[in-house]
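Colleague: Following is a predicted model, sequence given first.
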Amino acid sequence: MFQGVSPCFTKVNYFLNYSFLIKGALVTTKKQKLGNVGEQLVASKVDCPGCKKTGKSLRTLPTNFVCVDVICDFCGYLAQIKTKTVSDADRLPKQVPGAAWAPQSERMEAGIFFPLFLVLVETVGNKRSIWYLPPDLQTREMFTPRKPLRSTARRAGWQGYDIKLDRALAYPTRIL
Ligand SMILES: [Zn+2]
């Protein structure tokens, strides 16, 4: 279903330590594709939690909107979507990867938290699930910064974060 890197090519890539640039570019493309799958799924299946408008009013935002992925075209409700591949879409993982730490950290400093949708996509099989965590159940402790990327990395110094779901005030609610 996902046009990932073929296992053969991946192996060659790793064993020859081929090129950081090529490897990085492929990974990004794969990640973006996965992210798009999650965003499309939320937009097509979820009613806006803000205005409860049925008729699918959530629209995906262009990738240059930092930290927000969908907007309701009726009430302006904004939400973040994280998509993760899993072996079992019925089981919520303990953590999911976030994005760039700097804007997330800055927003938390200002007391801003966005509603969060998690989309789980099975690597084998077709099952997908959607989970929802409203901002009032989120904590600062659940967003944990990773180490900045090493100087040899393509995006040296870039720092990401993880979302530890067991540190929220409650587990996300399954909505699909
Ligand atoms: Zn709305």
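Modeller: Looks like it came in fine.

Colleague: Is Lys33 in a helix, a strand, or coil?
Modeller: The three-state assignment at Lys33 reads helix, by DSSP: H, G, I helix; E, B strand; the rest coil.

Colleague: Can you give me the neighbour number for it?
Modeller: Lys33 has 13 neighbouring residues, counting by other C-beta atoms under 10 Å. In this view, the C-beta of every residue, glycine as well, is placed from N, C-alpha and C.

Colleague: quick one: it and Ser129, what's the gap?
Modeller: 19 Å (C-beta to C-beta, to the nearest Å).

Colleague: quick one: contacts for the spatially most central residue of the chain?
Modeller: Nearest to the mean C-alpha position of the chain, by C-alpha atoms, centre = their mean, lies Lys82 at 2.1 Å. For Lys82, the contact set (C-beta atoms under 8 Å, 6 or more residues apart in numbering) comprises Gly38, Val96, Pro97, Gly98, Leu116, Phe117, Leu118, Val119, Ile163.

Colleague: Okay, and the third one sits in which element?
Modeller: Counting by DSSP states H and E, the element that carries Pro97 is strand 95-100.

Colleague: and that strand, what does it pack onto?
Modeller: strand 78-86, strand 160-164 (3 or more C-beta pairs under 8 Å, 6 or more residues apart in numbering; DSSP states H and E).

Colleague: The helix or strand that comes right after the shortest one: partners in the sheet, and parallel or antiparallel?
Modeller: When you say that, I think you mean strand 160-164. Remark: after strand 160-164, the chain's next helix or strand is strand 173-174, criterion DSSP H and E. If you go by DSSP bridges, strand 173-174 pairs up with strand 128-133 (antiparallel).

Colleague: lowest-confidence helix or strand of this structure?
Modeller: helix 7-15 (a mean of 41; mean pLDDT, DSSP states H and E).
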